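Asks: quick one, fold the following:
(chains A and B)
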Amino acid sequence: MMSTDYRALAVDGLWLQNPALVQLLGLCPLLAVSTTLVNGTILGVVTLFVLTASNLLISLVKGLLDERIRLPLQIMVIATFVTCADLALQHWLFEIHQRIGLFVALIVTNCTVLARAESFASRNPVRASLVDGFMMGMGFLLVIMVLSGIREILGQGTLFQGLALVFDPQIFGFADADLVIRFNFDGLLLVMLPPGAFLTFGCLLAAKNWLMQNE
Amino acid sequence: MSNRSKPIITLLALAAFCGSLVSMSNLLSREKILENQTRFAQKKLIEIANDPEVELHAIQPDVYRLESQGKTTGFVFKQSTEKGYNGNITFWLGVDTEGEILGVRIISHKETPGLGDKIETNVSDWIHAFAGASLENRQASDWAVKKQGGTFDQFSGATITPAAVIDGVKTGLVHFENHASSWSEAKDKPVYRTEESFRRGEDDEY
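Replies: This is a model prediction of the structure:
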């Protein structure tokens, strides 16, 4: 049996073939939800789950995939996991769902998910597909965390806003407001607006390319 | 199996699998989600009363009477506007007996995260600007964002959302004017609704 190079899959997903920074896929949710670190992280985690689960299922049934039904079938599988994730979010993190629910449903249209199903999971072994989905998801998660962190700090001068919606800080004896770091300025509005998302993301791309050139 | 029927059967089988997966998640989460929605709405309702001394008495579906030391101090009722950027915005509107706003709290909306969601209290203080306003102490033209000649702030990048809420609140005040006398005479209907009907805003028999 051919051994799979999991290390290479990890390096590809996180860096060399990073879905957001290199393949430039899934930019709609990436740019739209990266307004605060908490929102971005949750969306990234849900995307990670959907990518991993859909890669797994598609790879399991890849022998049955027929030219004519391949795409509708993949979309159906992806939509299934997105719906389950959406319900799970409403179950456990209701107030977060109130804020980003719109974009959770849109994960179905995130090209990264379909691209991995189509170009990797439908022609690779199950375990490799699972690892690929997870690593690509991690790549997306890390980028959206960095992007939303930068935008939250520069755009509204806070960090971790909304964290109290994820877990109850009173368990640890904190008040809700203690979780939020407030910087001493109001923030640049431009960074919060859609153009700011593109500009910040452009800076990230430039930084990534510069780093790769100097490797 | 012939070559032609194989893809059909594959598709059907997987559709059945995916369908049952979704149904199962729905079954497992439905009750908790309803409970979350109810609790969220109740949390927002209590925020308007903003005082442990004040008692909330249900008098009609989605209409509550506020009572303090045996006296009616105001009413909180559910309102909804369709003028948002993306679907309905539903909110509680609290009004005292003189028609002045005690508070407004958003229950549900689908406005753009990061732009339109400044109507939520955990994102910005904007919604508190309604406190104390009434149809009498504000002119008709005041009920608009500043950009359109009113007295309420717009959000940078989002005007439709605050304008929709302002309009909805104003409509709600008119609704209150029309119902104030009947509400004042209405009897309390304690525990007359199931959690599910609370969510759907439907009457239960009582």
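Asks: the nearest residue to residue A:124 once chain neighbours are set aside: what's it in contact with?
Replies: Spatial nearest neighbour of residue A:124, excluding adjacent residues (C-beta to C-beta, 6 or more residues apart in numbering or on different chains): residue A:59 at 6.5 Å. C-betas here are computed from N, CA, C, even on glycine. Applying C-beta atoms under 8 Å, 6 or more residues apart in numbering or on different chains, we find residue A:59 in contact with A:121, A:122, A:124, A:125, A:126, A:128, A:129, A:130.
Asks: low pLDDT regions in the chain?
Replies: As the question left the chain open, I've gone with chain A. A:1-3, A:176-177 (pLDDT under 70).
Asks: chain B, not that one
Replies: Along chain B, the model assigns pLDDT under 70 to residues B:1-2, B:113-114, B:190-206.
Asks: residue in chain A nearest to chain B?
Replies: As assessed by C-beta to the nearest C-beta, chain B sits closest to residue A:35 within chain A, at 3.2 Å.
Asks: count of residues packed around that residue?
Replies: When neighbours are counted by other C-beta atoms under 10 Å in any protein chain shown, residue A:35 registers 29.
Asks: one step back: part of a helix, is the residue nearest to residue A:124?
Replies: Yes - assessed by DSSP: H, G, I helix; E, B strand; the rest coil, residue A:59 belongs to a helix.
Asks: nearest residue to the residue nearest the centre of chain A in space, please, no chain neighbours.
Replies: Most central in chain A under C-alpha atoms, centre = their mean is residue A:44, positioned 2.9 Å from the mean C-alpha point. Once flanking residues are discounted, residue A:44 sits nearest to residue A:141: 3.5 Å by C-beta to C-beta, 6+ apart.
Asks: so who does that neighbour touch?
Replies: Counting by C-beta under 8 Å, 6+ apart, residue A:141 makes contact with A:41, A:44, A:45, A:47, A:48.
Asks: give me the element it is part of.
Replies: Here residue A:141, judged by DSSP states H and E, is contained in helix A:126-156.
Asks: mind listing the strands the next helix or strand after that helix pairs with, and their directions?
Replies: On the C-terminal side of helix A:126-156, the nearest following helix or strand under DSSP H and E is strand A:158-159. Take DSSP bridges as the rule and strand A:158-159 pairs in its sheet with strand A:181-182 (antiparallel).
Asks: list of residues touching the strand it pairs with?
Replies: With contacts defined as C-beta under 8 Å, 6+ apart, strand A:181-182 is touched by A:157, A:158, A:159, A:160.
Asks: redo these as TSV? Include neighbour count and distance to residue B:123.
Replies: Below are the contacts of strand A:181-182 laid out as TSV (neighbours: other C-beta atoms under 10 Å in any protein chain shown; distance: C-beta to C-beta, whole Å):
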residue	neighbour count	distance to residue B:123
A:157	16	14
A:158	17	11
A:159	18	15
A:160	18	14
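Asks: among these, which one lies nearest to residue B:126?
Replies: Distance to residue B:126, by C-beta to C-beta, is smallest for residue A:158 among the contacts of strand A:181-182, at 16.0 Å.
Asks: these two touch, right, the closest one and residue A:148?
Replies: No - at 11.8 Å, residue A:158 does not count as touching residue A:148 under the criterion of C-beta atoms under 8 Å.
Asks: list phi and psi for residue B:57.
Replies: Main-chain torsions, residue B:57, degrees, to the nearest 10: phi -120, psi 120.
Asks: how many other residues sit next to residue B:108?
Replies: Neighbours of residue B:108 under the rule other C-beta under 10 Å: 16.
Asks: that older thread, so how do I select the buried members of the contacts of residue A:59 in ChimeraX?
Replies: A single ChimeraX command selects the buried members of these (16 or more other C-beta atoms under 10 Å in any protein chain shown):
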select /A:121,122,124,128,129,130
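Asks: among the contacts of residue A:59, which pair sits farthest apart?
Replies: Those two in the contacts of residue A:59 that are separated most widely, counting by C-beta to C-beta, are A:122 and A:130, at 13.6 Å.
Asks: now the helix holding residue A:141: buried residues?
Replies: Neighbour counts over helix A:126-156 (16+ other C-beta under 10 Å) mark A:128-156 as buried.
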